[in-house]
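Engineer: Below is the sequence, then the predicted model.
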Amino acid sequence: MNIAIITGASSGIGREFALQMDRHFHNIDEFWLVARDRDRLKDLAALLRHNARIFAMDITDGNRLSDFEDAVLRHGAVVRMLVNSAGYGIMGVFCQQDRNLELGMIRLNCEALTEMTHRMIPYMRRGSRILQMASAAAFLPQPDFAVYAATKSYVLSFSRALGEELKDAGIYVTAVCPGPVDTPFFRIAEAGASTLALKKYTMVKPERVAAQALKDSFYRRPVSVCTLPIKSLRAVSGVLPHSVMLKAQRWLKQKGM
């Protein structure tokens with residue numbers, strides 16, 4: 001049985017991945033949808049033409065991940081696509097944030113993603129693919145978004161290296177690095193502070209991000225970047241010293257931009 005696994009499937013980009021893959025992936029027998037909100041997962045499953053299996057679970061719980069792997073083994077499943085889309089961000093001055101929320105970001109955005117990936121690779125075959133949700137925040141340090149940007153930098157670096165390791169096995173890894181996306185993410189992230197106003201002008205719909213990511217995965221590209229402004233940011237951040245970029249961010253914040 002060929003399966004596609006999507007974490008963070010109950011909303012936002014994860015949900016959009018499920019909807020688009022349902023329309024275009026014909027070699028998948030079942031979608032395995034993972035998130036904490038069972039009701040939203042049920043609503044999503046009802047929209048899919050493929051068979052869908054629901055796993056309402058917290059993927060930062062190692063015991064639940066063990067149970068999940070047992071289910072893969074028990075069903076003799078081949079993981080053709082793993083989409084690690086679960087994650088969250090909190091904005092604000094680091095020392096003023098809830099420590100548990102900051103550490104929870106690391107556990108979800110980094111540790112859980114890593115553990116899920118490690119557990120699922122043995123069940124993949126040549127031609128399988130992994131999509132890891134990073135962010136344009138991965139390209140440079142971001143004051144007032146310090147931990148989130150650091151976690152996404154980890155995801156980008158990990159994904160690039162893992163992709164090289166898996167090439168001979170024919171398993172392809174794509175790190176997805178969108179800028180601001182019109183999802184519930186910002187309503188959560190901005191609970192304690194707001195992002196640069198300039199970022200809002202580059203916001204895109206999750207449909208566009210998912211479509212670009214799936215296209216880039218198909219073409220075996222290691223990084224997926226959506227929209228010209230974010231591609232430009234990536235290029236500039238690879239040329240200018242981060243000290244210069246940090247000064248620019250400070251200046252933009254002071255100008256209310």
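Structural biologist: The structure has been received and is ready for your questions.

Engineer: how about the helices in this protein?
Structural biologist: Applying DSSP state H to the chain gives helices spanning 12-24, 38-47, 62-74, 99-106, 113-120, 146-166, 185-189, 197-200, 206-218, 228-237, 242-254.

Engineer: Return the distance of residue 152 relative to residue 27.
Structural biologist: 30 Å (Cβ to Cβ, to the nearest Å). Bear in mind the C-beta positions are built from the backbone N, C-alpha and C, glycine included.

Engineer: my bad, should have said residue 20
Structural biologist: Following Cβ to Cβ, the distance that separates residue 20 from residue 27 is 15 Å.

Engineer: now residue 9
Structural biologist: In terms of Cβ to Cβ, residue 9 sits 19 Å off from residue 27.

Engineer: the more surrounded of these two?
Structural biologist: residue 9 (30 against 9; other Cβ atoms under 10 Å).

Engineer: Verify the stated contact: that one with residue 33.
Structural biologist: Yes. Using Cβ atoms under 8 Å, residue 9 makes contact with residue 33 at a distance of 4.1 Å.

Engineer: What is the neighbour count of residue 51?
Structural biologist: Neighbours of residue 51 using other Cβ under 10 Å come to 13.

Engineer: now the helices of the chain in JSON lines, with distance to residue 135 and mean pLDDT?
Structural biologist: Below are the helices of the chain laid out as JSON lines (distance: least, Cβ to Cβ, whole Å; pLDDT from 0 to 100):
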{"stretch": "helix 12-24", "distance to residue 135": "11", "mean pLDDT": "96"}
{"stretch": "helix 38-47", "distance to residue 135": "22", "mean pLDDT": "97"}
{"stretch": "helix 62-74", "distance to residue 135": "23", "mean pLDDT": "97"}
{"stretch": "helix 99-106", "distance to residue 135": "12", "mean pLDDT": "96"}
{"stretch": "helix 113-120", "distance to residue 135": "12", "mean pLDDT": "98"}
{"stretch": "helix 146-166", "distance to residue 135": "4", "mean pLDDT": "97"}
{"stretch": "helix 185-189", "distance to residue 135": "10", "mean pLDDT": "59"}
{"stretch": "helix 197-200", "distance to residue 135": "11", "mean pLDDT": "57"}
{"stretch": "helix 206-218", "distance to residue 135": "11", "mean pLDDT": "96"}
{"stretch": "helix 228-237", "distance to residue 135": "10", "mean pLDDT": "86"}
{"stretch": "helix 242-254", "distance to residue 135": "15", "mean pLDDT": "72"}
